[in-house]
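K.L.:
Make a model of this:
(one chain, ligands or ions: 1)
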Amino acid sequence: MMTGAEYKESLKKLNTVVYAFGEQITDMLENPIFQPHINAAALTYDLAHDPIAEDLVSATSHLTGKKISRFTHIHQSIEDLLKKVKMLRLIAQQTGSCFQRCVGFDAMNATYTVTYEMDQKLNTNYHERFVEWLKYVQESDIMICGAMTDPKGDRGFSPSQQQDPDMYVHVVDKNDKGIVIRGAKAHMTGVVNSHELLIMPTTALKEEDKDYAVCCAVPVDAPGITHVFGRQCNDERKYGTIDQGNATYGIVGGEAITILEDVFVPWERVFMYGEWQFAGLLVERFASYHRQNYGGCKGGVADVIIGATATAAEYNGVGKASHIKDKVTEMIHLTETLYSGSLACSCEGRCTPSGAYFVDPMLANVVKHNVTRLIYEISRLSQDIAGGLIATLPSEKDLKHEKVGKYLEKYFKGAAGISTEDRIRIMRLLENMTAGTALVESMHGAGSPQAQRVMILRQGNLEHKKRLAQKLAGISSDSTN
Ligand code: SF4
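P.N.:
Predicted coordinates for the structure are as follows:
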């Protein structure tokens, strides 16, 4: 397993083509715009070696028997599913932001289970190929970016009906050595500091869409691949420290759009090609695995928000007020509610035909859906307690300015014994964690709320519920037919 420093070193060997702010970036590791995200991912490497965390952050490969990062592991039990959730909360408590590696982790587990079932049904040999690649991933400990979301163009049309056929990643050519793909993947968490992409279809497909039924692995720096890094709220503050709020780990994952312009993929890295019948299953598995996470990682993030909020209240001099305690209690309650959902969908997981364990999809969707609401409520309470300062504070440069600095020092002073700078620091952390990009990530990361509602209704067995009610109401099953 790599250490964080080795992971950073390994990125230097890649020729990843990245654009940001209208320029090609050649010094990503030294560039403050990227550093926080790289630091967060690096922590996942370091913690695998940390005696306090290694039981959660490392695992034993079922393929080789070797010690590997949990982020490259295939869940072999309910305990593995539970350890995943606990690991995510633990890491998020350290970073206060997204550490990105779970997307590839979930993509690998989903692809592992689906290729097995696809081979059983269609007599293909994708699973064997996938396992060979997985062994390489486990051995080299590289970071995989799970790449699902296509740009989708006009949402009213299927992939093959789009005016522009590239709105979904598709196969444009093939030969005896491999396939050529074109399109783009949007909102790619951590892609610029990953080593490889695991590309999957973004939606269930019909036969006419079979060119879009493609799952494959490709290096992030393969010829034809360009990444354009996304802007975040306040991203220019990454050039400072106090203003940024969380200078070490930043906000969310550092997303990018990845453009695939006729990218060649050798057959040994192709894990689905044209099997449209299995695209929906792969999407569903990946989505449920990733939605499982949200009570873990957002639980850890919320722990930091709660700690920052309680600190802000103390720094304001009202830490002991009963209404503050009541609101903080509510924040804790909401956080533990989210965490419970992630644990529950893990406990109710089951073994798939491949031997890998899969979460309960209903409960996984419920927990992610709750995140789209409860993180907003946790953030609302936090802002309520912290006060308007988080939106109106002058900059770090003003605080350190020879002329006006002394006034800011004086007038932003709170409780006795607390430095003004510390008070400003905690307010900035809260601004970073409860406003702007971080909230949007909780809404749309792992799929937008409507995607969860579709799954919840599908899994909800409404007919069974209707029969339960009709029976109690004395309505015979004959009269309802
Ligand atoms: Fe992992 Fe959470 Fe980031 Fe998703 S949002 S990649 S689950 S840390």
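
K.L.:
Please work out which residues outside the lowest-mean-pLDDT helix or strand in the chain touch it.
P.N.:
Using mean pLDDT, DSSP states H and E, the weakest-scoring helix or strand in the chain turns out to be helix 437-444, at a mean of 91. Residues from elsewhere that reach helix 437-444 (Cβ atoms under 8 Å, 6 or more residues apart in numbering): 97-98, 187, 232-233, 251-253, 294, 298, 301, 371-372, 375-376, 379, 432, 449. In this view, the C-beta of every residue, glycine as well, is placed from N, C-alpha and C.

K.L.:
Check which residues of that helix are buried.
P.N.:
437, 438, 439, 441, 442 (16 or more other Cβ atoms under 10 Å).

K.L.:
same deal with stretch 110-124?
P.N.:
Buried residues in stretch 110-124 (16+ other Cβ under 10 Å): 110, 111, 112, 113, 114, 115, 116, 117, 118, 119, 124.

K.L.:
Please say whether there is contact between it and the ligand.
P.N.:
No - Stretch 110-124 lies out of reach of the ligand by Cβ under 6 Å from any ligand atom, never closer than 13.8 Å.

K.L.:
and the protein, which of its residues are near the ligand?
P.N.:
So the chain meets the ligand at 88, 98, 99, 100, 102, 103, 189, 253, 293, 297, 445 (Cβ under 6 Å from any ligand atom).

K.L.:
number of nearby residues for whatever residue of the stretch 301-450 of the chain ends up closest to the ligand?
P.N.:
Evaluated by Cβ to the nearest ligand atom, the stretch 301-450 of the chain has residue 445 as its residue closest to the ligand, separated by 4.9 Å. Residues near residue 445, counting by other Cβ atoms under 10 Å, number 24.

K.L.:
so what pLDDT did it get?
P.N.:
pLDDT for residue 445: 89.

K.L.:
Now do the SS call for residue 418.
P.N.:
Following DSSP: H, G, I helix; E, B strand; the rest coil, the label given to residue 418 is coil.

K.L.:
Surely it and residue 313 touch.
P.N.:
No - look at residue 418 against residue 313 with Cβ atoms under 8 Å: they stay out of range, at 11.5 Å.

K.L.:
Among the two, which residue is more densely surrounded?
P.N.:
Higher neighbour count among residue 418 and residue 313: residue 313, with 25 against 16, using other Cβ under 10 Å.

K.L.:
Which helix or strand contains that one?
P.N.:
helix 294-316 (DSSP states H and E).

K.L.:
tilt between the very next helix or strand once past that helix and helix 294-316?
P.N.:
Downstream of helix 294-316, the first helix or strand assigned by DSSP H and E is helix 322-347. Between helix 322-347 and helix 294-316, the angle comes out at 160 degrees (axes from the mean of the first three to the mean of the last three Cα atoms, to 10 degrees).

K.L.:
average model confidence for helix 322-347?
P.N.:
Computed over helix 322-347, the average pLDDT equals 98.

K.L.:
same for that helix, what does it pack against?
P.N.:
Using 3 or more Cβ pairs under 8 Å, 6 or more residues apart in numbering; DSSP states H and E, the elements in contact with helix 322-347 are helix 78-95, helix 279-292, helix 294-316, helix 361-386.

K.L.:
hmm, 6 Å instead?
P.N.:
Applying 3 or more Cβ pairs under 6 Å, 6 or more residues apart in numbering; DSSP states H and E, one finds that helix 322-347 contacts helix 78-95, helix 294-316, helix 361-386.

K.L.:
which one of the ones you listed is the most hemmed in?
P.N.:
Highest mean neighbour count among the helices and strands packed on helix 322-347 (mean count of other Cβ atoms under 10 Å): helix 294-316, with a mean of 24.

K.L.:
Just the pLDDT for residue 101.
P.N.:
pLDDT for residue 101: 98.

K.L.:
Ramachandran coordinates for the residue lying closest to it once chain neighbours are set aside?
P.N.:
Nearest residue to residue 101, sequence neighbours excluded (Cβ to Cβ, 6 or more residues apart in numbering): residue 71, at 4.4 Å. For residue 71, the backbone dihedrals are phi -70, psi -10 (criterion: degrees, to the nearest 10).

K.L.:
re earlier: CSV for the buried residues of stretch 110-124, including pLDDT?
P.N.:
CSV is the format used below for these (pLDDT from 0 to 100):
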residue, pLDDT
110, 98
111, 98
112, 98
113, 98
114, 98
115, 98
116, 98
117, 98
118, 98
119, 98
124, 97
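
K.L.:
List the ones among those residues that fall in helices.
P.N.:
110, 111, 112, 113, 114, 115, 116, 117, 118, 119 (DSSP state H).

K.L.:
any idea which helix or strand comes after the least confident helix or strand of the chain?
P.N.:
helix 449-459.

K.L.:
Poorly predicted segments of this protein, please.
P.N.:
Scanning the chain for pLDDT under 70 picks out 479-481.

K.L.:
and with 90 instead?
P.N.:
Counting by pLDDT under 90, the ranges of the chain that qualify are 232-236, 239-240, 251-253, 435-438, 445, 447, 476-481.

K.L.:
now do the same end-to-end measure for stretch 436-450.
P.N.:
End-to-end distance for stretch 436-450: 21 Å, by Cα to Cα, to the nearest Å.

K.L.:
which one is residue 103 nearest to, not counting chain neighbours?
P.N.:
Sequence neighbours aside, residue 146 is the residue nearest to residue 103 in space, at 3.7 Å (criterion: Cβ to Cβ, 6+ apart).

K.L.:
and the one you found, what does it touch?
P.N.:
103, 104, 106, 107, 198 (Cβ atoms under 6 Å, 6 or more residues apart in numbering).

K.L.:
Tell me which of the residues you listed fall in helices.
P.N.:
In helices, defined here by DSSP H, the members of the contacts of residue 146 are 103, 104, 106, 107.

K.L.:
where's the last one relative to residue 270, distance?
P.N.:
Read that as residue 107. The gap separating residue 107 from residue 270 is 15 Å, by Cβ to Cβ, to the nearest Å.

K.L.:
Compare those two and say which one has the larger neighbour count.
P.N.:
When neighbours are counted by other Cβ under 10 Å, residue 107 and residue 270 differ, and residue 107 comes out ahead with 26 against 22.

K.L.:
Residue 198 is in contact with the more buried one, correct?
P.N.:
Yes - between residue 107 and residue 198 there is a contact at 4.4 Å, judged by Cβ atoms under 6 Å.
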